[in-house]
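Asker: pasting the sequence and the predicted model now:
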Amino acid sequence: MKIKLLPAIIAAAGFLSAPFALAATYQSELSAAYDDVDYEDSDADGRVIGIEGKYYFAPVDTSNHPLAEAAFIEKSSNVYAQLATEEVKFAGQKADFYGRLIGVDFYIPNSLFFLGAGVQEFKSKVPAVVGQSSDWESNWFIKAGVAPVTGLLVWSEFVEDVDVSEEWNINGKYVLPLSGEQALNVEASYEKSKLGFTDDTITMAADYYIDRNLSIGTGFVNTSYTAVSGAETDYFVRARNFFADKASLELSYVDGEVENSLMVGGTIRF
């Protein structure tokens, strides 16, 4: 299904192509996204709205980089905040979920080391047959990794009150420059968990930058479960286009075994 949808996503994300700009800098950005979710084999549907604000400690130089990857390649330290709300309707009922997060990503100067930390909070409001409204529940998290070469970061994330023997992960991201303005972004992660219902989660994704403005990508998330045998795999495609040096639109579509979703988002930089 996603292969048929890919040309439409590319066209929608790329219709506002802008002339090539040699260089531009920015120090903050604001992003927003809307996600429409359809649950298969059910009359339930959901909607997710999220926003993120990010401030970099120094101006980000986008020269000779894909615009979407400039901050990553330049190892730009930053602080960020996120807000999200999800509404799920099912059987005439409605459940609401809320999340908020504040964090910092910091590349230690003149070294290959990367550190991150933050606090995240969650709250829910569900029908009486499931439970009552909850208060905000919070926990902190930290990230630690290395960036041994330009465009490569390998890291792990750790969450409050979760022992490494119960849950651990390894993540990687590499932006490889190709000829001209072309580039390839590759992302991968593996998580092993003895908590809840999941066992192993494998995520892989790749984005091809046609030029420094426009990218198209695809990937999958494979999850195995402890309670039942077998696994589920969700596939996705995505595209992002900067129609101006400091403004972009993006689209993604997820074809999952339990749910399908379509996301549209945008970013403005300052």
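Answerer: All right, it came through fine. The structure presented is a predicted model; accordingly, all values stated were derived computationally and were not measured.
Asker: buried sites along stretch 68-81?
Answerer: Across stretch 68-81, burial judged by 16 or more other C-beta atoms under 10 Å covers 68-80. All C-beta atoms are positioned from the backbone trio N, CA, C, and that covers glycine.
Asker: now find how far off-centre it is within its chain.
Answerer: Chain-centre distance of stretch 68-81: 14 Å, with C-alpha atoms, centre = their mean, to the nearest Å.
Asker: ok, residues contacting that stretch?
Answerer: Stretch 68-81 has contacts (C-beta atoms under 8 Å, 6 or more residues apart in numbering) with 52-58, 60-62, 65, 100-107, 114, 147, 150-151, 153, 173, 175, 183, 185, 209, 215, 240, 242, 248.
Asker: let's see that with 6 Å instead.
Answerer: 53-57, 60, 62, 65, 102-107, 151, 175, 240 (C-beta atoms under 6 Å, 6 or more residues apart in numbering).
Asker: pull out the buried members of these.
Answerer: If you count burial by 16+ other C-beta under 10 Å, the buried members of the contacts of stretch 68-81 come out as 54, 56, 60, 62, 65, 103, 105-107, 151, 175, 240.
Asker: one step back: got the buried residues of stretch 68-81 as TSV, with secondary structure, pLDDT and distance to Asp135 columns?
Answerer: Shown next, in TSV, are the buried residues of stretch 68-81 (DSSP: H, G, I helix; E, B strand; the rest coil; pLDDT from 0 to 100; distance: C-beta to C-beta, whole Å):
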residue	secondary structure	pLDDT	distance to Asp135
Ala68	helix	98	37
Glu69	helix	99	39
Ala70	helix	98	40
Ala71	helix	99	35
Phe72	helix	99	36
Ile73	helix	98	41
Glu74	coil	98	40
Lys75	coil	98	38
Ser76	coil	99	36
Ser77	coil	99	33
Asn78	strand	99	30
Val79	strand	99	26
Tyr80	strand	99	24
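Asker: no further queries at this time; thank you.
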